[in-house]
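Visitor: With the sequence up front, the predicted model follows.
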Amino acid sequence: MEILKLIASGYSNKEIANQLFISISTVKSHTGNLFLKLGARDRVNAIIKAQSLGYLEPLAQDWRATG
């Protein structure tokens with residue numbers, strides 16, 4: 001969920017890795033798993049599907065603005 005929220009907030013893989021203190025390849029692995037579980041083909045599609053399933057608020061807050 002944390003990676004999904006960061007993706008929805010517009011973070012790149014590198015920014016997510018830095019924020020969570022994990023490698024970029026780990027972020028890519030988690031992102032790929034999210035796409036599979038949501039049946040999404042890309043980040044935008046994953047966000048839309050996550051919102052429709054109730055995993056994300058329709059207008060996700062920009063987490064970078066709050067720290």
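Guide: That came in fine, so what should we check first?
Visitor: so how many other residues sit close to Leu56?
Guide: Using other C-beta atoms under 10 Å, Leu56 has 21 other residues around it. In this view, the C-beta of every residue, glycine as well, is placed from N, C-alpha and C.
Visitor: ok, now which ones touch it?
Guide: Residues near Leu56 by C-beta atoms under 8 Å, 6 or more residues apart in numbering: 4-5, 8, 47, 50.
Visitor: measure it to Ser25 for me?
Guide: Distance, Leu56 to Ser25, using C-beta to C-beta, to the nearest Å: 24 Å.
Visitor: Over to Leu4?
Guide: Using C-beta to C-beta, one obtains 18 Å as the distance from Leu4 to Ser25.
Visitor: Could you check which of those two has the larger neighbour count?
Guide: Set Leu4 next to Ser25 and count neighbours by other C-beta under 10 Å: Leu4 wins out with 20 against 10.
Visitor: Report the secondary structure element holding that one.
Guide: Per DSSP states H and E, Leu4 falls inside helix 2-8.
Visitor: Please export the C-alpha coordinates of that helix as PDB.
Guide: Below are the C-alpha coordinates for helix 2-8, written out as PDB (Å, rounded to 0.1, in the frame of the first residue of the first chain):
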ATOM      1  CA  GLU A   2       2.800   2.400   0.800                       C
ATOM      2  CA  ILE A   3       4.400   2.000  -2.600                       C
ATOM      3  CA  LEU A   4       1.000   2.300  -4.300                       C
ATOM      4  CA  LYS A   5       0.300   5.600  -2.400                       C
ATOM      5  CA  LEU A   6       3.800   6.900  -3.400                       C
ATOM      6  CA  ILE A   7       3.100   6.000  -7.100                       C
ATOM      7  CA  ALA A   8      -0.200   7.800  -6.900                       C
END
